[in-house]
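A.B. asks: Have a look at this prediction, sequence included:
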Amino acid sequence: MRKAFLYISVILLCIGCSNENLDQELTSPYKQTSSNADSSAANTLDSLTLLKILINLPPSESDNKDYPDAGIPRLSIVTETLKDPEDEYTDIPALAIILKNGEIISDTMSLSIRGRGNTSFEMPKRSFKIELTDKVSLLGMPKNRDWALLANYGDKTLLKNHIAFKLSEWLGASYTPRSQFIELFLNGGYRGVYQLTETVEVAKNRVNIPEQENSYLVEVDRKYRDDESVVINEREMAFRIHAPKDPTEETMDRLRLHLDSLERYLEYIHQDYTLALDSTPDNWFNIQDFVRHYWIQEFAKNTDAIPYTSVFFTWVAGSVIRMGPIWDFDMAFGVPAAQESPTGWYIRNYSWYRRLSKTPNVGDSIATYWEENRGVFEALPDSIGVFAEQISAAAENNYRCWKDILGNVNDDAHSKAYDTYAEAVEDLKSWVRERTRWIDDNL
């Protein structure tokens, strides 16, 4: 039976067994060095060959004892530098394999890896972005090159992004990122439970919109960087353009003018919300998408969705705005501390949600949607229990590695302490039940 993990001790052993130039070789595993090639060829392993050997080595007895196979896939990645990514900008070449129940279930994959996220990358358990050299189907998900490894460090249940994605899927969103739980080994070290997730991008099996200059995938993002394509509207909201790539000034101006026109319309109906009966919001938004998006964000009390960051929408010039796909729910369902209570309206107090929810037609659509779909929300605690059971053994490994998370109460993301993973899961289920009851009583 073939098992595979990368271990620093084995790497060091191999380095010691080869010649002194092997360190230099390992820093460039995808190309041969030309200097001293003849003299070193006889006693120096090619770096790529060495990495392929290392990626298929069996785990040590101590690692088997500390992090026993938990029944979910394991992703093992080794970088050409044998070092972890240190920032969100530098892509490091790497190799990877996937295992399930001790068996290798993938080819050896060539990829690049870098850090991802803003606040999340500053946390001890970091998230990563990987880009495969070739389009590959990972764990049954459609082929693509771009994937994210979500650490979910701020979520003690490890489930919040997953259950938000499932809500979106069950409620019929046109696209929701697919994901699978895995355990990550990076450069020989166990890193815990991660969510291997599709990234939000325009593609046939992801955000399926025309790839043209007047077709947009946009993120409301106050955390944008100076090197990103961003337009600022009249209300000083920042909109990051994910598609089209490298937009022209004309393309950016088209979006800015449309968003400014939208703000003027919302200000117009804000003077008297009955005006929306004659000048309907569905000239601006796909109302079904808007209401679905609203309820997922409101139900979870997602702090990023006010909107602050990670709020996506698409727009094709001449058509309406379609909200979604959803993204980033680790700071939701009872965190941070300010949103710990399952009571109270949250999202509807902000921005587009605040003004549109007060119009008679959209307000009625919001109420009707809850009445027609509340069973999906009500059943969520049972689903949480099923998902938790699927990763419970892996979660034990995760918290054996990250010992200080469950009991930590030193920041907003970790405002409540738990003795066990099961206790954290039960608290999430209780929060969801209370949230459902409160909405029933106050809609």
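C.D. replies: Structure received.
A.B. asks: how about stretch 375-386: buried residues?
C.D. replies: Within stretch 375-386, the residues scored as buried using 16 or more other CB atoms under 10 Å are V376, F377, L380, P381, S383, I384. For every residue, glycine as well, the C-beta is placed using N, CA and C.
A.B. asks: which non-adjacent residue is nearest the first one?
C.D. replies: Closest residue to V376 apart from its sequence neighbours, by CB to CB, 6 or more residues apart in numbering: W170 at 5.3 Å.
A.B. asks: That neighbour against G375, yeah?
C.D. replies: No: in this structure W170 lies outside contact range of G375 using CB atoms under 8 Å: 10.1 Å.
A.B. asks: picking up where we left off before, distance of the residue nearest to V376 from T197?
C.D. replies: To T197, W170 is 17 Å away according to CB to CB, to the nearest Å.
A.B. asks: Name the residue closest to the centre of this structure, please.
C.D. replies: The chain has L150 as the residue nearest its centroid, 5.2 Å off, counting by CA atoms, centre = their mean.
A.B. asks: And that one, how far from G192?
C.D. replies: Using CB to CB, one obtains 11 Å as the distance from L150 to G192.
A.B. asks: Can you pull out the low-pLDDT segments for this structure?
C.D. replies: The chain contains residues with pLDDT under 70 at 1-64, 118-121, 278-279.
A.B. asks: Show me it divided up by domain.
C.D. replies: 8-198, 215-377 (automatic domain parsing).
A.B. asks: Quick check: which of those is nearest to Y418?
C.D. replies: domain 8-198 (6.2 Å; CB to CB).
A.B. asks: mind listing the helices for the protein?
C.D. replies: Ranges of helices in the chain, per DSSP state H, are 8-17, 22-26, 37-40, 47-54, 61-66, 160-170, 249-271, 287-300, 351-356, 360-378, 380-401, 421-442.
A.B. asks: elements contacting the longest one?
C.D. replies: Spelled out, it's helix 249-271. strand 230-232, strand 238-243, helix 351-356 (3 or more CB pairs under 8 Å, 6 or more residues apart in numbering; DSSP states H and E).
A.B. asks: what's the angle from it to strand 238-243?
C.D. replies: 130 degrees (axes from the mean of the first three to the mean of the last three CA atoms, to 10 degrees).
A.B. asks: Show me what helix 249-271 is in contact with.
C.D. replies: 213-214, 216, 218, 229, 231-235, 237, 239, 241, 244, 275-276, 279, 281, 284, 315, 317, 321, 352, 355-356, 359 (CB atoms under 8 Å, 6 or more residues apart in numbering).
A.B. asks: List buried residues within those residues.
C.D. replies: Buried among the contacts of helix 249-271 (16+ other CB under 10 Å): 216, 218, 229, 231, 233, 237, 239, 241, 244, 276, 281, 284, 315, 321, 352, 355-356, 359.
A.B. asks: got TSV for the helices and strands packed on helix 249-271, with distance to K403 too?
C.D. replies: Putting the helices and strands packed on helix 249-271 into TSV (distance: least, CB to CB, whole Å) gives the following:
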stretch	distance to K403
strand 230-232	40
strand 238-243	37
helix 351-356	40
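A.B. asks: right, so of the ones you listed, which gets closest to R126?
C.D. replies: Distance to R126, taken as CB to CB, is lowest for strand 238-243 among the helices and strands packed on helix 249-271, at 21.8 Å.
A.B. asks: ok, V231 to D282 distance?
C.D. replies: Applying CB to CB to V231 and D282 gives a distance of 24 Å.
A.B. asks: residue contacts, A417?
C.D. replies: Here A417 is in contact with L406, G407, N408, V409 (CB under 8 Å, 6+ apart).
A.B. asks: So which of the residues you listed wins on neighbours?
C.D. replies: L406 (19 neighbours; other CB atoms under 10 Å).
A.B. asks: show me the contacts for the residue nearest to it when sequence neighbours are not counted.
C.D. replies: Distance criterion CB to CB, 6+ apart; nearest residue to L406, sequence neighbours excluded, is Y418 at 4.9 Å. Contacts for Y418 were tallied using CB under 8 Å, 6+ apart; they are K156, L406, G407, A424, D427.
A.B. asks: where's the second one relative to L150, distance?
C.D. replies: From L406 across to L150, the span is 19 Å (CB to CB).
A.B. asks: Could you tell me which residues make contact with H162?
C.D. replies: With contact set as CB under 8 Å, 6+ apart, H162 has these partners: S179, F181, Q195, F387.
A.B. asks: Closest to N187 out of these?
C.D. replies: Closest to N187, out of all of those and judged by CB to CB, is Q195, at 20.0 Å.
A.B. asks: For that closest one, name its beta-bridge partners.
C.D. replies: L150, F181 (DSSP bridges).
A.B. asks: count of neighbours near it?
C.D. replies: Using other CB under 10 Å, Q195 is surrounded by 23 other residues.
A.B. asks: What residues does it make contact with?
C.D. replies: Counting by CB under 8 Å, 6+ apart, Q195 touches A148, L149, L150, N152, L158, N161, H162, S179, Q180, F181, I182.
A.B. asks: Just put these in JSON lines and tack on distance to K100.
C.D. replies: Formatted as JSON lines, the contacts of Q195 follow (distance: CB to CB, whole Å):
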{"residue": "A148", "distance to K100": "20"}
{"residue": "L149", "distance to K100": "17"}
{"residue": "L150", "distance to K100": "20"}
{"residue": "N152", "distance to K100": "21"}
{"residue": "L158", "distance to K100": "19"}
{"residue": "N161", "distance to K100": "22"}
{"residue": "H162", "distance to K100": "19"}
{"residue": "S179", "distance to K100": "16"}
{"residue": "Q180", "distance to K100": "11"}
{"residue": "F181", "distance to K100": "12"}
{"residue": "I182", "distance to K100": "10"}
